[in-house]
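Peer 1: Attaching a predicted model along with its sequence, questions to come.
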Amino acid sequence: MTSVPKRLDRIDIGILSELQQNARITNAELARAVNLSPTPCFNRVRALENLGLVKQQVTLLNPEPLGLRINVFIQVSLEKQVEDALQRFEQAIAEQPEVMECYLMSGDADYLLRVVMPDIKALERFILERLTTIPGVSNIRSSFALKQVRYKTALPLPSSGLTLIDADDASTDWR
């Protein structure tokens, strides 16, 4: 079954861009920013949410004042890439609050994790007591981030608009 394409115009893109920069923006401020009156703006935001384009709204915290000074990228290889082992690993990782990101990878390692820690001792405990105890883990390689050169959460959006091919899987035609 093919879904009906939905065209996002420049106002929709503007709304999404503004929301990516400040999820706490009021509807009145958002309406002014995209040159709409408040009711149509509110209706467009709801329509964009209903399309599944707004995943969630969050507050981004500064890790340094919270004592989370170490940003580590950890490559993990499993003994076997079978469905049970992958699911077991992913479930175990989902329970670790220090793991900020986890990706199933192609290439040398099976997974790439980004982990934040207060210090080297905490990282050592995490690796020895939690990561190595996950069944099926065969190899772990860590790299420390020396400096964060760029970090962003806003996705690149074309200012002229775009057509959503299938809003369920967020495929787009970038024209």
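Peer 2: Received, thanks. Residues are numbered from 1 along each chain as shown.

Peer 1: Is Leu51 in contact with Arg44, as I believe?
Peer 2: No: with contact defined as Cβ atoms under 8 Å, Leu51 does not reach Arg44; the gap is 10.6 Å. No exception for glycine: its C-beta is placed from N, CA and C like everyone else's.

Peer 1: ranges for the helices of the chain?
Peer 2: Remark: helices assigned in the chain by DSSP state H are 10-21, 27-33, 38-50, 83-94, 120-125.

Peer 1: Just put those in JSON lines and tack on mean neighbour count.
Peer 2: Below are those laid out as JSON lines (neighbours: other Cβ atoms under 10 Å):
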{"stretch": "helix 10-21", "mean neighbour count": "18"}
{"stretch": "helix 27-33", "mean neighbour count": "16"}
{"stretch": "helix 38-50", "mean neighbour count": "15"}
{"stretch": "helix 83-94", "mean neighbour count": "14"}
{"stretch": "helix 120-125", "mean neighbour count": "13"}
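
Peer 1: so which of those helices gets nearest Asp110?
Peer 2: Closest approach to Asp110 among those (Cβ to Cβ): helix 83-94, 7.8 Å.

Peer 1: ok, now which ones touch Gln57?
Peer 2: 19, 23 (Cβ atoms under 8 Å, 6 or more residues apart in numbering).

Peer 1: To Asp108, which of the helices of the chain lies closest?
Peer 2: When these are compared by Cβ to Cβ, helix 83-94 sits nearest Asp108, at 16.2 Å.
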